[in-house]
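1. sequence? don't have it. structure:
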């Protein structure tokens with residue numbers, strides 16, 4: 001059994017920052033699976049179950065300041081509770097494995113495990129009971145509500161409510177920006193060097209719309225699917241550049257073709273980036289995301305491909321007729 005504290009040190013905060021910006025995203029923010037003693041627990045102390053993702057573990061232990069408890073850390077491969085429940089790593093089998101590996105029945109006198117509510121999708125309480133002898137109780141959505149929950153042993157409706165506030169959405173932006181910045185810089189830089197400065201700025205605008213503006217405006221974009229929300233936002237972000245293309249020099253048909261290239265190629269980029277947020281929100285389900293991918297990814301590919309063909313045709317046509 002390992003000893004844990006509720007103190008979040010500067011090293012932990014640095015780890016949280018690195019996780020938020022996507023540094024060592026895969027397997028880089030792990031807690032060793034096993035049983036941890038928080039404070040000085042006794043056989044009667046509660047047992048909380050969490051994932052071996054540092055942000056999940058740290059949120060739980062910091063919420064239990066000045067309390068004596070056990071924390072059973074599952075091996076979710078460094079994935080948070082919600083996502084791990086969807087992937088099957090926060091589930092009956094891993095709970096049973098970890099209970100046996102830690103001989104938990106010999107450590108505590110009771111037979112109760114307190115699980116985070118967001119892990120419920122991957123857990124069958126009946127199966128856990130059958131395989132371990134422990135009953136499952138679901139705590140509140142947010143670890144911060146645990147002190148109040150422990151006073152009564154029950155979660156209020158407000159504690160059960162899953163929120164996705166502006167702050168919750170904005171905290172997702174850095175990791176998406178970090179992952180998009182290099183390919184965006186490469187494409188925009190190449191366009192800039194070839195003289196297509198307007199197109200370079202348009203690419204940057206489409207990416208920023210999908211990674212930064214989308215989570216900010218998410219609840220207010222008036223469609224249901226994330227993909228169509230992304231198309232709407234991408235169209236609005238691209239429209240000024242298409243308008244500028246029409247207002248440029250050259251024959252009218254060339255200017256219209258150039259504008260069409262913008263309107264076809266770039267909104268799918270924003271829509272594709274918007275899909276990344278489906279796994280981090282309370283607005284989607286696994287089946288809904290699969291349906292969106294099957295429905296809209298082909299549309300995105302066709303529109304983007306057609307837009308690139310239109311852009312290439314514009315370049316060739318301008319070269320043939322001698323228009324800059």
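-> In hand now; what should we look at? From a predicted model like this one, the values you see are computed outputs, not experimental measurements.
2. so which residues of the chain form strands?
-> 2-4, 34-38, 47-51, 69-74, 112-115, 135-138 (DSSP state E).
3. measure the residue lying closest to residue 263 once chain neighbours are set aside to residue 232 for me?
-> The shortest distance from residue 263 to any non-neighbouring residue, by Cβ to Cβ, 6 or more residues apart in numbering, is to residue 242 (5.1 Å). No exception for glycine: its C-beta is placed from N, CA and C like everyone else's. Separation of residue 242 from residue 232 (Cβ to Cβ, to the nearest Å) stands at 15 Å.
4. more neighbours: which of the two?
-> residue 242 (22 against 19; other Cβ atoms under 10 Å).
5. the more buried one and residue 264 touch, don't they?
-> No. Contact criterion Cβ atoms under 8 Å: residue 242 and residue 264 do not qualify, at 9.8 Å.
6. show me the shaky parts of the stretch 1-150 of the chain.
-> Within the stretch 1-150 of the chain, the ranges that satisfy pLDDT under 70 run 25-27.
7. can you give the domain ranges for the chain?
-> For the chain, automatic domain parsing gives the domain ranges 2-162, 167-321.
8. next, the distance between the ends of the longest one.
-> Terminal residues of domain 2-162 lie 32 Å apart, using Cα to Cα, to the nearest Å.
9. so for the longest helix along the chain, mean pLDDT?
-> For the chain, the helix with the greatest residue count under DSSP state H is helix 286-321. Averaged across helix 286-321, the pLDDT comes to 88.
10. for stretch 221-228, same thing?
-> 91.
11. so who does residue 36 touch?
-> Residues near residue 36 by Cβ atoms under 8 Å, 6 or more residues apart in numbering: 1-4, 61, 70-73.
12. so which of those comes closest to residue 221?
-> residue 61 (37.3 Å; Cβ to Cβ).
13. separation between the closest residue to residue 159 other than its chain neighbours and residue 98?
-> Leaving aside its sequence neighbours, residue 159 sits nearest to residue 140 (Cβ to Cβ, 6+ apart; 3.6 Å). Residue 140 is 22 Å from residue 98, where distance means Cβ to Cβ.
14. what sits opposite the nearest residue to residue 4 once chain neighbours are set aside in the beta ladder?
-> Nearest residue to residue 4, sequence neighbours excluded (Cβ to Cβ, 6+ apart): residue 36, at 4.2 Å. Going by DSSP bridges, residue 36 is paired in beta bridges with residue 2, residue 71.
15. quick revisit: residue contacts, the residue nearest to residue 263?
-> Applying Cβ under 8 Å, 6+ apart, we find residue 242 in contact with 259-260, 262-263.
16. turn those residues into TSV, including pLDDT, neighbour count and distance to residue 128.
-> Shown next, in TSV, are the contacts of residue 242 (pLDDT from 0 to 100; neighbours: other Cβ atoms under 10 Å; distance: Cβ to Cβ, whole Å):
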residue	pLDDT	neighbour count	distance to residue 128
259	94	22	59
260	95	19	57
262	96	28	54
263	96	18	53
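17. need the max-distance pair from those residues.
-> Largest pairwise distance in the contacts of residue 242, by Cβ to Cβ, is 7.3 Å, between 260 and 262.
18. overlap of the contact sets of these two?
-> By Cβ under 8 Å, 6+ apart, the residues touching both residue 260 and residue 262 are 242, 307.
19. give the contact list for residue 40.
-> Neighbouring residues of residue 40 by Cβ under 8 Å, 6+ apart: residue 68.
20. let me redo that: residue 125
-> 135-136.
21. residue 70 now?
-> Per Cβ under 8 Å, 6+ apart, neighbours of residue 70: 35-38, 41, 45-48, 104, 107-108.
22. go again with 7 Å.
-> 35-37, 41, 45, 47, 107-108 (Cβ atoms under 7 Å, 6 or more residues apart in numbering).
23. quick check on these: which are buried?
-> With burial judged by 16 or more other Cβ atoms under 10 Å, the buried subset of those is 35-37, 41, 45, 47, 107-108.
24. what is the nearest of those residues to residue 254?
-> For the buried ones among the contacts of residue 70, the nearest to residue 254 is residue 36 (67.0 Å; Cβ to Cβ).
25. is it true that residue 180 touches residue 207?
-> Yes. Using Cβ atoms under 7 Å, residue 180 makes contact with residue 207 at a distance of 5.3 Å.
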